Every structure is written in C-alpha cells, then in structure tokens.
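Novice: Whatever this is, show me its structure:
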Amino acid sequence: MKKKFKLEDLDCANCAAKMEAAINKIEGVEKATVSFMTQRLVIEADESRFDDIMNQVVAVCKKVEPDCTILM
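Specialist: Got it, this is the predicted structure:
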C-alpha cells in the first residue's frame with residue numbers, strides 16, 4: 001500500500017533525511033521518502049500492518065523533529 005502525507009513544521013533537510021533513514025528501517029516498510037522541499041512523506045508499506053507501522057513512523061518523526069506533525 002502506498003500513501004502520501006503532508007508534513008507540517010518540518011524545519012530542515014537534514015531532519016528530513018534522518019526521518020527517511022529511520023522510517024526505512026521499520027519492519028514492514030518497503031520504501032519511504034521524506035521531502036523537505038514539498039513537506040511530504042510518501043510511504044509504501046505492508047497493508048495488513050499499516051496502522052501499526054504508521055504509529056512507529058509518528059514516533060520516529062517526533063523523536064527527530066518534535067514540532068513536526070504528520071497530517072493524515
């Protein structure tokens with residue numbers, strides 16, 4: 001399953017790169033991209049575990065960039 005999300009308050013490209021690397025390490029994630037320029041997250045992940053995976057993605061984003069919000 002592939003989904004796109006808008007990011008709010010992502011402050012730097014370095015943080016986006018850190019988020020992307022951490023999200024891609026989550027079990028069940030096939031591919032994730034975080035774009036600082038467009039403030040978007042695109043994630044391809046196992047559909048049967050997508051809600052659990054997204055909970056982990058939110059936790060990763062808050063750890064890297066506490067002010068960043070994923071708009072679902």
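Novice: can you pull out the helices in this protein?
Specialist: 13-24, 50-64 (DSSP state H).
Novice: The shortest one packs against which elements?
Specialist: Of the remaining helices and strands, those touching helix 13-24 by 3 or more Cβ pairs under 8 Å, 6 or more residues apart in numbering; DSSP states H and E are strand 29-35, strand 40-45, helix 50-64. To be clear about C-beta, it is placed using only N, CA and C from the backbone, and glycine gets the same treatment.
Novice: now the angle between strand 40-45 and it, please.
Specialist: Per axes from the mean of the first three to the mean of the last three Cα atoms, to 10 degrees, the angle that helix 13-24 makes with strand 40-45 is 10 degrees.
Novice: which other residues reach helix 13-24?
Specialist: 10, 29, 31-37, 41, 43, 57, 60-61, 63-65, 68 (Cβ atoms under 8 Å, 6 or more residues apart in numbering).
Novice: OK, contacts around the residue lying farthest from the centre of the chain?
Specialist: Distance from the C-alpha centroid of the chain peaks at S48, with 17.8 Å (Cα atoms, centre = their mean). Going by Cβ under 8 Å, 6+ apart, S48 touches no other residue.
Novice: per-residue confidence for it?
Specialist: S48 carries a pLDDT value of 96.
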